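> please work out how this folds:
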Amino acid sequence: MKLIITEKNTTARRISTILSDGKARPLAKSRNPVYSFDINGGEVHCVGLKGHILKVDFPSRYQQWQDVEPRELIHADIIKVPTNKALIKSIQTEARKADEVIIATDFDREGELIGVDAINKIKEVRPDIPVKRARFSALTPVEIKRVFAQLDDPYYDLASAGEARQDIDLIWGASLTRFISLASTRLGKHFLSVGRVQSPTLALIVDREKERKEFVSTPFWTLKIACVKGDKSFQAVHARERFPSEDKAEEALSRLEKTALIREVKTTERRVKPPIPFNTTGLLTAAASLGFTAARAMSIAENLYMNGYISYPRVDNTVYPPSLDLRGILQELAASPEFSQLCAPLLEQEKLTPTRGKKQTTDHPPIHPTAAAPHANMSAQEWKIYELVVRRFMATLSGDAVVLSVRADLDCGPEPFVARGSRTAEEGWYRYYPYGRKKEVMLPHLEEGEILRVDEPPELKRGETQPPPRYNQGKLIEKMEESGLGTKSTRHSIIEGLYERGYIYGDPITPSETGIAVTEALRKYAGVIASPEMTAALERDMDAIADGAETQAEVVDKSRDMLAEVMHLLENSKEEVAAEIRNGIKEDRILGTCPTCGSNLRIVKAKKSKKRFVGCSGYPECTTTYPLPQTGSIMPTGEVCADCGSPKVRVVNKGRRPWTFCLDPDCPTKKEAKAKTEESSE
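Numbers count the residues shown, from 1 in each chain. Modelled structure (predicted):
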């Protein structure tokens with residue numbers, strides 16, 4: 001009997017269905033599903049794990065935070081602890097009956113480690129059992145049957161790189177989290193986390209917020225006129241674009257006349273290249289522009305992959321390999337009513353020449369569709385991500401878009417103005433990938449020497465220079481990749497963790513006062529923790545392990561020595577670190593201004609019930625209070641309810657969508673909502 005081990009039950013079921021041509025059946029009385037089928041008269045069992053079956057931890061003597069100095073964790077032994085004993089027992093039971101084990105987990109650091117951990121547990125009961133590796137990038141019949149006919153060996157160096165990452169994250173995360181939490185007396189569920197990737201990522205967000213706060217806006221004035229030709233009107237802006245003072249703008253305004261002379265018209269052709277194939281960062285960035293969080297987009301992409309609709313979604317590669325059947329994928333998509341018309345002109349091309357990005361790897365191809373998905377069976381969000389992948393794939397096989405840009409120079413009296421327009425002459429890849437396509441600005445046909453009427457009145461408008469925008473999740477993932485922070489598989493979960501710990505809120509992302517305080521304290525007293533250079537260097541070391549250039553022990557020991565130096569710096573400044581963080585926590589407890597007396601409204605914990613509520617810092621003179629939800633992180637928004645005047649706050653709960661509400665339970669808006677609910681239920 002052959003035993004196949006996959007990463008998840010969904011994958012086990014799909015692989016079993018493909019290899020058995022739909023004849024696989026789950027074994028009866030099996031606590032963890034085991035799929036049984038025959039291939040060429042030989043029995044095969046397939047078991048799906050639930051991700052990692054082992055996790056790294058410290059021995060039990062290190063578990064009590066207040067009894068162990070954080071420094072002791074740096075060189076403490078690391079043990080591997082089962083996450084699911086029943087599942088381990090199940091694969092060991094199956095292995096006792098097997099002649100060969102085939103590892104069919106995802107092919108990346110984490111997937112290889114999951115597979116090697118399973119091998120090690122199996123070899124406890126079957127030390128000499130042969131082990132093979134099935135390496136695939138899509139859960140399609142063609143791909144699965146191909147790889148199971150060409151089995152490989154496990155990639156132990158890749159698994160060692162994954163285990164090194166686990167060890168380093170545990171050592172750094174546990175020791176620094178304990179130090180910061182103990183120093184600031186934030187224990188229990190309110191502990192303050194610090195991480196090798198998390199902290200420099202938070203620093204990126206804090207730095208952007210600092211840039212915004214330090215930015216000094218300068219005023220400017222713009223001057224526009226509306227010109228009319230026939231029944232069409234268009235805008236022209238003063239050639240100076242921005243006037244530094246209102247006086248200068250007013251002077252120009254005073255010289256305007258009621259007609260404008262077309263001095264020159266220029267038309268230029270611009271070719272816009274198609275986008276490159278999707279890697280993980282590209283997909284998550286594009287999904288963010290459609291309103292998806294990084295974590296939600298990744299979850300949907302993984303689900304689409306496991307159902308065989310797209311290829312493996314955790315990739316760095318942006319170059320399709322020559323072996324990828326581009327025409328075959330289009331022919332598959334052409335069977336879909338949603339995409340058949342789009343596929344037709346691409347299939348008519350004699351040769352398909354895809355675009356190429358700068359990153360080329362050999363582990364997996366870029367993300368692409370692998371099958372025509374049934375629209376009716378998918379949720380709206382699933383279809384959005386699937387359609388995004390399909391359209392991007394088609395765009396990478398299409399030709400340039402051609403855009404005609406028109407610039408008209410006009411004189412209104414002695415003042416020069418410019419009108420700009422653009423239109424698409426050839427759609428090219430725009431036809432397939434409309435996301436982010438710039439809106440066309442149509443100008444009427446203009447000729448040099450024409451005199452046009454100017455509509456009254458001209459528009460003189462004051463503006464201000466704007467600070468750099470806050471990151472949205474897509475832009476932050478791009479910045480993390482650029483800075484060498486995290487991997488394609490971890491960046492979205494790092495961001496999700498920052499939300500859950502209350503270090504950030506909103507999208508675009510704003511750091512909380514606690515997040516700012518933790519970052520500034522780390523930067524001031526142990527700057528390497530908040531620096532991307534250290535984390536990027538460790539990521540390169542882990543890649544070196546995967547390539548066989550370094551060993552797991554060498555890299556982990558190097559990181560321990562680095563951490564020991566960091567801990568020394570923090571211990572020497574423990575009181576200063578604690579004071580800085582406590583001040584930030586105190587600021588986060590201020591939710592806004594009391595509408596009764598103007599003092600600060602703070603989060604307060606009742607002495608007897610231990611429940612939190614909002615109280616006025618003007619107490620006992622002011623007794624204004626508001627109730628609060630008892631779970632989740634409460635964040636100030638800086639906004640005030642227009643109806644009741646109380647501050648608005650944001651609640652962030654793990655696994656739930658954040659929600660915003662005003663503090664006053666008697667706000668008219670809440671009464672209206674309650675009345676409508678009662679009416680609809682009658």
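> what is the burial count for Ser323?
Ser323: 6 surrounding residues under other CB atoms under 10 Å. In this view, the C-beta of every residue, glycine as well, is placed from N, C-alpha and C.
> that one falls within a helix, correct?
No. Read with DSSP: H, G, I helix; E, B strand; the rest coil, Ser323 is coil and lies in no helix.
> now it: how far from Glu350?
Going from Ser323 to Glu350 by CB to CB, to the nearest Å gives 20 Å.
> now do Ile477
On the measure of CB to CB, Ile477 and Glu350 end up 38 Å apart.
> which one's more surrounded, the two?
Ile477 (30 against 4).
> can you tell me how far the more buried one sits from Glu456?
The gap separating Ile477 from Glu456 is 49 Å, by CB to CB.
> residues in contact with Ser289?
Contacts for Ser289 (CB atoms under 8 Å, 6 or more residues apart in numbering) come out as 435-436, 474.
> next one: Asn303
Glu382.
> and Glu520, what element?
Element membership for Glu520 (DSSP states H and E) is helix 513-525.
> need the CA coordinates for that helix. CSV is fine.
What follows is helix 513-525, C-alpha atoms only, in CSV (Å, rounded to 0.1, in the frame of the first residue of the first chain):
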residue,chain,number,x,y,z
GLU,A,513,-0.3,55.5,20.2
THR,A,514,0.8,52.2,21.8
GLY,A,515,2.2,51.1,18.4
ILE,A,516,4.1,54.4,18.1
ALA,A,517,5.4,54.2,21.7
VAL,A,518,6.7,50.6,21.3
THR,A,519,8.4,51.4,18.0
GLU,A,520,10.0,54.6,19.3
ALA,A,521,11.2,52.8,22.5
LEU,A,522,12.7,50.0,20.5
ARG,A,523,14.3,52.4,18.0
LYS,A,524,15.8,54.6,20.8
TYR,A,525,17.2,51.8,23.0
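> for that helix, what is the average pLDDT?
On average, the pLDDT along helix 513-525 is 91.
> from the contact counts, what lies against it?
Using 3 or more CB pairs under 8 Å, 6 or more residues apart in numbering; DSSP states H and E, the elements in contact with helix 513-525 are helix 198-214, helix 574-588.
> measure how the shortest one sits relative to helix 513-525, angle-wise.
It stands for helix 574-588. 160 degrees (axes from the mean of the first three to the mean of the last three CA atoms, to 10 degrees).
> now helix 574-588: buried residues?
Going by neighbour count (16 or more other CB atoms under 10 Å), the buried part of helix 574-588 is 577-578, 580-582, 584-585, 588.
> now do the contacts for the closest residue to Ser336 other than its chain neighbours.
Here the nearest residue to Ser336 in space, its sequence neighbours aside, is Ala372; by CB to CB, 6 or more residues apart in numbering that works out to 3.9 Å. The neighbourhood of Ala372, defined by CB under 8 Å, 6+ apart, consists of 332-333, 335-336, 339.
> narrow the residues you listed to those that are buried.
Using 16+ other CB under 10 Å, the buried members of the contacts of Ala372 are 332-333, 336, 339.
> between the residues you listed, which is nearest Pro414?
Phe339 (56.1 Å; CB to CB).
> and the host helix or strand of Lys475, what does it pack against?
Following DSSP H and E, one finds Lys475 within helix 473-483. Packing partners of helix 473-483 (3+ CB pairs under 8 Å, 6+ apart): helix 198-214, helix 280-289, helix 294-306, helix 491-500.
> residue ranges for the helices of the stretch 301-450 of the chain, please.
326-333, 340-347, 380-396 (DSSP state H, counting those that start in this stretch).
> now the last one, how far from the chain's geometric center?
Its chain's C-alpha centre and that of helix 380-396 lie 17 Å apart, by CA atoms, centre = their mean, to the nearest Å.
> the closest residue to Val68 other than its chain neighbours and Asp117, how far apart?
Once flanking residues are discounted, Val68 sits nearest to Tyr62: 5.2 Å by CB to CB, 6+ apart. Computed as CB to CB, the Tyr62 to Asp117 distance reads 22 Å.
> these two: who's more crowded?
A direct count of neighbours by other CB under 10 Å for Tyr62 and Asp117 places Asp117 higher, at 23 against 16.
> ok, the more buried one - contacts?
If a contact means CB under 8 Å, 6+ apart, then Asp117 has 52-54, 80, 159 as its contacts.
> by neighbours, which of the residues you listed wins?
Ala159 (26 neighbours).
> tell me who's in contact with Ile504.
202, 205, 495, 498, 510-512, 515.
> in those residues, find the pair that's most separated.
Ile495 and Ser512 (14.3 Å).
> what are the contacting residues of stretch 533-546?
109, 155, 157-158, 160-161, 164-165, 168, 196-197, 200, 483-487, 528, 550-552, 555, 558-559, 562.
> max-length helix in the protein?
For the chain, the longest helix by residue count, based on DSSP state H, is helix 156-183.
> for that one, packing partners?
Using 3+ CB pairs under 8 Å, 6+ apart: helix 156-183 touches strand 54-57, helix 109-123, helix 532-546, helix 552-571, helix 574-588.
> and the gap between the most centrally placed residue in the chain and Lys213?
Nearest to the geometric centre of the chain sits Ala294, at 2.8 Å (CA atoms, centre = their mean). Distance, Ala294 to Lys213, by CB to CB: 25 Å.
> in this structure, which segments are predicted with low confidence?
When residues are selected by pLDDT under 70, those of the chain lie in 29-30, 187-189, 654-656, 671-682.
> can you list the domains in this protein?
Per automatic domain parsing, the domain ranges recorded for the chain read 2-154, 163-213+470-583, 219-271+404-464, 280-396, 591-681.
> what's the burial count for Pro40?
For residue 40 the amino acid is Asn, not Pro. Asn40: 5 neighbours (other CB under 10 Å).
> repeat that for His238.
23.
> distance of it relative to Arg453?
Distance from His238 to Arg453, by CB to CB: 18 Å.
> Phe220 now?
For Phe220 relative to Arg453 (CB to CB), the value is 28 Å.
> so which of those two has more stuff around it?
Between Phe220 and Arg453, counting by other CB under 10 Å, Phe220 is the more crowded of the two (18 against 13).
> give the contact list for the nearest residue to that one once chain neighbours are set aside.
Spatially, and ignoring its direct neighbours in sequence, Phe220 is nearest to Arg242 (4.0 Å; CB to CB, 6+ apart). Applying CB under 8 Å, 6+ apart to Arg242 gives the contacts 220-222, 463.
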